[in-house]
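Enquirer: quick one, fold the following:
(2 chains)
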Amino acid sequence: DAKTTQPPSMDCAEGRAANLPCNHSTISGNEYVYWYRQIHSQGPQYIIHGLKNNETNEMASLIITEDRKSSTLILPHATLRDTAVYYCIVAGTGTASKLTFGTGTRLQVTL
Amino acid sequence: DTGVSQDPRHKITKRGQNVTFRCDPISEHNRLYWYRQTLGQGPEFLTYFQNEAQLEKSRLLSDRFSAERPKGSFSTLEIQRTEQGDSAMYLCASSYLTGNYGYTFGSGTRLTVV
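Expert: The predicted model follows:
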């Protein structure tokens, strides 16, 4: 699985968009980009995933560059409840592939 | 289904004792995963099952660790002769075999070895 690089921490004001970057320069053509988050003392929660095209769901948007070497997770209107560690993971095709977590980005949403 | 359930939520044990954790996945999910997470680190893969077959084990899973998933339903993770280094959060997740729906994780079992 390709390795990912994320900033260790970020701050965001409540109500503003949170943009979390991820570099995955060694991603293979059949590997997806997955985002999970982990709120303190809970298990990780799936947010979104994508292959090439930008994706949006009720939680977030995922923007993947054309060369697929980096991506950005966007939380459009961050709330205090979005304070968590966000993990960017690159994994093979389909849900069944093993996920390899890094240390993620700790997002702190403040008033 | 209300999600992936893990039991117990917390376990404190003395070094050298055996412990067993249980995971009940989402019933329609074919795959079940065990991860371990220590403070400040992301979850580390331990093993996974497809139905009742254990298909992969990490080298982190020493001989003291054993996992089962009888009949492809719930799973247990046993640690024999616990050591202080086994103190961690043990996370279970489940997923469909095909399609891209992501993993669903449980809330984990926090093990403290004293």
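
Enquirer: so how far is stretch A:52-61 from its chain's centroid?
Expert: Taking the mean of its C-alpha atoms, stretch A:52-61 sits 11 Å from the chain's own mean (Cα atoms, centre = their mean, to the nearest Å).

Enquirer: list the buried residues in that stretch.
Expert: By 16 or more other Cβ atoms under 10 Å in any protein chain shown, the buried positions in stretch A:52-61 come out as A:Glu55, A:Ala60, A:Ser61. Placement of C-beta: from N, CA and C, glycine included.

Enquirer: how about residue 14, what does it touch?
Expert: The chain I'm using is chain A. By Cβ atoms under 8 Å, 6 or more residues apart in numbering or on different chains, A:Glu14 lies in contact with A:Ala78, A:Thr79, A:Leu80, A:Val109, A:Thr110, A:Leu111.

Enquirer: not quite, I wanted chain B
Expert: B:Thr82, B:Val113, B:Val114.

Enquirer: cool, and A:His49?
Expert: A:Tyr32, A:Val33, A:Tyr34, A:Trp35, A:Glu55, A:Leu62, B:Asn100, B:Gly102.

Enquirer: quick one: buried ones out of these?
Expert: Buried subset of the contacts of A:His49 (neighbour count, 16+ other Cβ under 10 Å): A:Tyr32, A:Val33, A:Tyr34, A:Trp35, A:Glu55, A:Leu62, B:Asn100, B:Gly102.

Enquirer: out of those residues, which comes closest to B:Thr76?
Expert: B:Gly102 (24.0 Å; Cβ to Cβ).

Enquirer: excluding its backbone neighbours, what's nearest the closest one?
Expert: Among residues not flanking B:Gly102 along the chain, A:Tyr46 sits closest, at 3.1 Å (Cβ to Cβ, 6 or more residues apart in numbering or on different chains).

Enquirer: what's the answer for A:Leu111, then?
Expert: Spatially, and ignoring its direct neighbours in sequence, A:Leu111 is nearest to A:Glu14 (5.6 Å; Cβ to Cβ, 6+ apart).

Enquirer: what's the answer for A:Pro21, then?
Expert: Sequence neighbours aside, A:Thr72 is the residue nearest to A:Pro21 in space, at 5.3 Å (criterion: Cβ to Cβ, 6+ apart).

Enquirer: tell me where the model's unsure across the chain.
Expert: Defaulting to chain A. Along chain A, the parts satisfying pLDDT under 70 run over A:1-2, A:93-97.

Enquirer: should've been chain B
Expert: Applying pLDDT under 70 to chain B picks out residues B:1, B:98-101.

Enquirer: ok, A:Glu55 - contacts?
Expert: So A:Glu55 contacts A:Ile48, A:His49, A:Ser61, A:Leu62 (Cβ under 8 Å, 6+ apart).

Enquirer: can I get those in a markdown table with secondary structure and distance to B:Gln41?
Expert: Converted to a markdown table, the contacts of A:Glu55 look like this (DSSP: H, G, I helix; E, B strand; the rest coil; distance: Cβ to Cβ, whole Å):
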| residue | secondary structure | distance to B:Gln41 |
| --- | --- | --- |
| A:Ile48 | strand | 23 |
| A:His49 | strand | 22 |
| A:Ser61 | strand | 28 |
| A:Leu62 | strand | 24 |
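
Enquirer: identify the farthest-apart pair in the residues you listed.
Expert: Pairwise over the contacts of A:Glu55, using Cβ to Cβ, the maximum falls at A:His49 and A:Ser61, 12.2 Å.
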